[in-house]
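J.: need a 3D model of the sequence below.
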Amino acid sequence: MSPRTIILIVTLSALAFGSWYLARSSSSDDEALPFDPVHRGYYLKHARILGTGENGSLLYEIEAVHAEQQADERIEFSDVRIHYAPDSGVPWVVNADEATLREGEPQIILRGHVKISNHSETSDHEAEIRTQYLELDPKLFIAQTDARVQLRFGSRSVTATGMLASLNDDRIELKSNVRGKIVP
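T.: A predicted model of the protein is given here:
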């Protein structure tokens, strides 16, 4: 082999190795993707999720503007409305900015402008509960929080820290710092 052929082979080999090295190093920059390529969750717009009782009949309904399954087996909702089926006899409706439902857990965690309102037929018995955080067990009809709550019964208003409410029998227990304004 002539020296000229050897130089040509060495040069071509160096160019081939260099291009392989550059291609390999630029592909490692693409590995930092802005999303998780393994997570195959779903998202829904104007979601409607039905919850059933032990006998399989409709118990409650969750409506949300947006719902998205997260990688850690939870569903995040935004602009949430939860109401019970007419057959359940529970007239309470729950609204919140955000909610979280974890797989295998019965509770729904509600956050941001949480409002529970009683839509009874007579306006004299309308009640409203407001808080920023609430844990709701829809199958047991239990709503509870350790956060500040405000209860309104018409023109009457009571505030407290913490609450336990049984929605199916209209019983509310306030935990501490209870203050109220009751006008006859």
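
J.: count the neighbours of the closest residue to Ser155 other than its chain neighbours for me.
T.: Spatial nearest neighbour of Ser155, chain neighbours left out: Val183 (5.7 Å); criterion: Cβ to Cβ, 6 or more residues apart in numbering. (Each C-beta comes from the backbone N, C-alpha and C, glycine too.) When neighbours are counted by other Cβ atoms under 10 Å, Val183 registers 7.

J.: helix, strand or coil for Val183?
T.: Classification of Val183 using DSSP: H, G, I helix; E, B strand; the rest coil returns coil.

J.: ok, it to Asp170 distance?
T.: Distance of Val183 to Asp170, given as Cβ to Cβ, to the nearest Å: 22 Å.

J.: now Leu15: which helix or strand?
T.: According to DSSP states H and E, Leu15 maps onto helix 3-29.

J.: and that helix, what does it pack onto?
T.: Contacts defined by 3 or more Cβ pairs under 8 Å, 6 or more residues apart in numbering; DSSP states H and E place helix 3-29 against no helix or strand at all.

J.: what mean pLDDT does that helix have?
T.: For helix 3-29, the mean per-residue pLDDT is 79.

J.: let me see the backbone angles for the closest residue in space to Arg74 that isn't next to it in sequence.
T.: Spatial nearest neighbour of Arg74, excluding adjacent residues (Cβ to Cβ, 6+ apart): Arg102 at 4.6 Å. Phi and psi for Arg102, reported as degrees, to the nearest 10, are phi -100, psi 140.

J.: you'd agree Arg102 is up against Glu73?
T.: Yes: the criterion here is Cβ atoms under 8 Å, and Arg102 meets it with Glu73 at 6.5 Å.
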